[in-house]
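Student: Please find the sequence and the predicted model below.
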Amino acid sequence: MDNTSRRTLLKAGGATLGAGAFARSIAPITEWTADLSVDAFLQRHYKELTRDEMDVVLRRLEAETVEEYGVSVSIDDPRPTPGVSFGYALNLSICIGCRKCAEACHVENNHDRATHNSYIRVLEMKKGTVDLELGRVDYDHPVPDPDHFYMPVQCHHCDNAPCIKVCPVEATWQEADGIVVVDYNWCIGCRYCEAACPYHARRFNWAKPVVPPEEINPDQAYLSNRVRPQGVMEKCTFCLHRTRNGRLPACLEACPTGARVFGDLNDPDSEIRWVLANKRVFVLKEDLGTRPRFFYYFDG
Amino acid sequence: MLTLLLACQTGFTDPSRELGPPVSDGPQHPVEVHVPRSLGVVDTALSDIHGTPIGVDCATCHEPDASGEVWAESDSAGGPSSATELTFHRGLVLRHGDLSCASCHAPGEPGTLRLADDRRLDMADTIRLCAQCHGPKFESYRHGAHGGMNGYWDTRRGPRLRNHCVDCHAPHDPTYAQMVPTFPPGDRNPLGAGRSVDASGHEPTHTNGTADGQH
């Protein structure tokens, strides 16, 4: 009698726990409604979409932006220009650490306002060292400080990118023009890529970005600066919504000293090719074999 | 078959989506250099009602007026010296190596510049004057590796506007001035560290110590 009662009790307890665990485990599905439409849930991978299907997706995303942020935006899907291979170089001799590039990125790419998010992080380091771990990003004094130099770091768009290799769902890849992109609608937010990137270039959307409607940049692209959903990774896209249409990236236009040089590595007459051929150029953490498309250089 | 193979290689099921249209080799758009309003103007260190600095064209006093009379003869060697001159030229500081006025200005010709070989140069051509001493910088500038710019990297698709030397370096005091940097990165997790984000998104942020501490 005692045994039966004990067994029944255990069964009942187990069943309750099991039901509770099951309810908890399916909570994301039951709570899913407001944020995720059925169309978005069933949407296929970026590379599997045809032009017509992509158009439907873009119009849906535009409608969602109107609904959620109250602004009318244009979301496009510019494709790589045939024969173009992008490269970026930054002159450490004249960078003054003003963070104007980081601010321009913040504004251009519809980043969450409160967290001051940006794809660019400017490190302040003592002259004579390149110790990234001692580089400070929170310096708050007039720049440039005579004892320090400044090194902006953003996505290096590596040809041998560790972040792409670790993605379990192929939500991030390198495009024909060298830009490493993320399909925000395919990303599962596991953050493996953030851990794999040796340049600390990837960001996670812990929350839905909060941007006042009047500050939203309406010139958007699917793979770049459209407002990202919560729980996905994001990163610098070389402003592909600008650069694939021939324009300069926002961070370059914001640079007051001209420390940034952007262009087509396949064009022998381009500014970037002149820098690579004539300046003292290096890449960050070359020993890792990531083969970045982002170069640093010195004058002289 | 070839299309299928191509699709497999790139991952795109619709090969027409892989690349955008090619750019035709049409006429190049211009790459223009901005002409600063400060050329040939002395800063008075005064501002108008809107806070815009007031500059006075050098020629106003130093070149013949309609009647052929020069209001103030410029002293080419030593620069402004008397009390009146110093008051008027308050915004004019000369901190440019060992240069004197006559290194770049022809005496009695305030509207022009002169090169080291005494050839005259229009004020708008200041870059050539700078280049005679700052050769390597000019070389970088010529190749787009010095000085800010706006517009298009691909000049087949649009124009570009480049900064002039004088946009960033005051010719009489050319050291690039210090400035206060814009905001530092904040805590990237708005849900953590006991913070709340208000709807306006303008809550002041607190920062971590080092780059390493930004995880």
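Tutor: That came through fine.
Student: can you pull out the strands in chain B?
Tutor: With DSSP state E as the criterion, chain B has strands at B:31-33, B:41-47, B:53-57, B:112-114, B:120-122, B:149-151, B:160-162.
Student: Dump those strands to a markdown table, plus mean neighbour count.
Tutor: Quick note: C-beta positions are derived from backbone N, CA and C, even for glycine. Shown next, in a markdown table, are the strands of chain B (neighbours: other CB atoms under 10 Å in any protein chain shown):
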| stretch | mean neighbour count |
| --- | --- |
| strand B:31-33 | 14 |
| strand B:41-47 | 16 |
| strand B:53-57 | 15 |
| strand B:112-114 | 18 |
| strand B:120-122 | 14 |
| strand B:149-151 | 19 |
| strand B:160-162 | 17 |
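Student: Nearest to chain A, out of those?
Tutor: strand B:149-151 (4.9 Å; CB to the nearest CB).
Student: Which among the strands of chain B is found nearest to residue A:46?
Tutor: Residue A:46 lies closest to strand B:149-151 among the strands of chain B, at 29.7 Å (CB to CB).
Student: So is the closest one next to chain A?
Tutor: Yes. Judged by CB under 8 Å from any CB of the partner chain, strand B:149-151 comes into contact with chain A at B:149, B:150, B:151.
Student: Correct me if wrong: residue A:87 contacts residue A:263.
Tutor: Yes. With contact defined as CB atoms under 8 Å, residue A:87 reaches residue A:263; the gap is 6.5 Å.
Student: Please enumerate the shared neighbours of these two.
Tutor: Listed as contacting both residue A:87 and residue A:263 by CB atoms under 8 Å, 6 or more residues apart in numbering or on different chains are residue A:272.
Student: contacting residues for residue 122?
Tutor: Using chain A here. A:97, A:99, A:101, A:102, A:137, A:150, A:151, A:152, A:153, B:181.
Student: My question was about chain B, not that one.
Tutor: Residue B:122 makes contact with B:112, B:113, according to CB under 8 Å, 6+ apart.
Student: Of the contacts of residue A:122, which belong to strands?
Tutor: Using DSSP E, the subset of the contacts of residue A:122 located in strands is A:150, A:151, A:152, A:153.
Student: so the third one bridges to which residues?
Tutor: If I follow you right, that is residue A:152. Beta-bridge partners recorded for residue A:152 (DSSP bridges): residue A:122.
Student: wait, what's in contact with it?
Tutor: Residue A:152 touches A:90, A:95, A:101, A:102, A:120, A:121, A:122, A:123, A:251, counting by CB under 8 Å, 6+ apart.
Student: Work out for me the element the closest residue to the third one other than its chain neighbours sits within.
Tutor: Yep, that's residue A:101 we're talking about. Once flanking residues are discounted, residue A:101 sits nearest to residue A:251: 3.8 Å by CB to CB, 6 or more residues apart in numbering or on different chains. Assessed by DSSP states H and E, residue A:251 sits inside helix A:250-254.
Student: Distance-wise, check residue A:234 relative to residue A:191.
Tutor: Distance from residue A:234 to residue A:191, counting by CB to CB, to the nearest Å: 12 Å.
Student: I meant to write residue A:71 there.
Tutor: Separation of residue A:71 from residue A:191 (CB to CB): 29 Å.
Student: neighbours of residue B:136, just the number please.
Tutor: Using other CB atoms under 10 Å in any protein chain shown as the criterion, residue B:136 is surrounded by 11 other residues.
Student: So it sits against residue A:278, correct?
Tutor: No. In this structure, residue B:136 is not within contact of residue A:278 by CB under 8 Å, at 10.2 Å.
Student: Could you check how far the residue nearest to residue A:101 is from residue A:111?
Tutor: According to CB to CB, residue A:251 and residue A:111 sit 13 Å apart.
Student: what touches both of those two?
Tutor: Common contacts of residue A:251 and residue A:111 (CB under 8 Å, 6+ apart): residue A:105.
Student: Next, find the distance separating the residue most central in space within chain B from chain A.
Tutor: What sits nearest the mean C-alpha location of chain B, by CA atoms, centre = their mean, is residue B:167, with 3.5 Å. From residue B:167 across to chain A, the span is 9 Å (CB to the nearest CB, to the nearest Å).
Student: Wait, that residue touches residue B:36, no?
Tutor: Yes. Assessed by CB under 8 Å, residue B:167 is found in contact with residue B:36 at 5.1 Å.
Student: Turn the strands of chain B into a markdown table, columns for mean pLDDT.
Tutor: Shown next, in a markdown table, are the strands of chain B (pLDDT from 0 to 100):
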| stretch | mean pLDDT |
| --- | --- |
| strand B:31-33 | 92 |
| strand B:41-47 | 78 |
| strand B:53-57 | 80 |
| strand B:112-114 | 89 |
| strand B:120-122 | 90 |
| strand B:149-151 | 96 |
| strand B:160-162 | 96 |
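Student: coming back round to it: tell me how many other residues crowd the residue nearest to residue A:101.
Tutor: 27.
Student: swap in residue A:229?
Tutor: Other residues close to residue A:229 by other CB under 10 Å number 18.
Student: Which two of the contacts of residue A:152 have the greatest separation?
Tutor: The distance between the two most remote of the contacts of residue A:152 (CB to CB) is 15.2 Å, for A:123 and A:251.
Student: I'd assumed residue B:182 was in contact with residue A:140.
Tutor: No. Counting by CB under 8 Å, residue B:182 is not a contact partner of residue A:140; they are 10.6 Å apart.
Student: So for stretch B:152-167, what gets flagged as buried?
Tutor: Neighbour counts using 16 or more other CB atoms under 10 Å in any protein chain shown place B:152, B:153, B:154, B:157, B:160, B:162, B:163, B:164, B:165, B:166, B:167 of stretch B:152-167 among the buried residues.
Student: Return, as residue ranges, the portions of chain B with sub-threshold pLDDT.
Tutor: Residue ranges of chain B with pLDDT under 70: B:1-10, B:71, B:73-86, B:188-215.
Student: And the helices in it?
Tutor: B:2-10, B:59-62, B:83-88, B:101-104, B:126-131, B:135-142, B:165-168 (DSSP state H).
Student: Need the residues of strand B:149-151 next to chain A in a markdown table (columns: distance to residue B:129).
Tutor: Below are the residues of strand B:149-151 next to chain A laid out as a markdown table (distance: CB to CB, whole Å):
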| residue | distance to residue B:129 |
| --- | --- |
| B:149 | 21 |
| B:150 | 24 |
| B:151 | 26 |
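Student: Next one: residue B:178 from residue B:96, what distance?
Tutor: On the measure of CB to CB, residue B:178 and residue B:96 end up 18 Å apart.
Student: quick one, helices of the stretch 1-150 of chain A?
Tutor: All helices of the stretch 1-150 of chain A, identified by DSSP state H, counting those that start in this stretch, fall at A:2-25, A:27-31, A:38-42, A:51-69, A:100-108.
Student: Mean neighbour count, the ones you listed: which tops it?
Tutor: Burial of the helices of the stretch 1-150 of chain A is given as mean neighbour count (mean count of other CB atoms under 10 Å in any protein chain shown); helix A:100-108 ranks first at a mean of 22.
Student: can you redo the strands of chain B as TSV with distance to residue A:246?
Tutor: Below are those laid out as TSV (distance: least, CB to CB, whole Å):
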stretch	distance to residue A:246
strand B:31-33	13
strand B:41-47	35
strand B:53-57	35
strand B:112-114	36
strand B:120-122	32
strand B:149-151	9
strand B:160-162	10
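Student: give the contact list for the residue nearest to residue B:93 when sequence neighbours are not counted.
Tutor: Among residues not flanking residue B:93 along the chain, residue B:173 sits closest, at 5.0 Å (CB to CB, 6+ apart). Contacts for residue B:173 were tallied using CB under 8 Å, 6+ apart; they are B:93, B:94, B:95, B:96.
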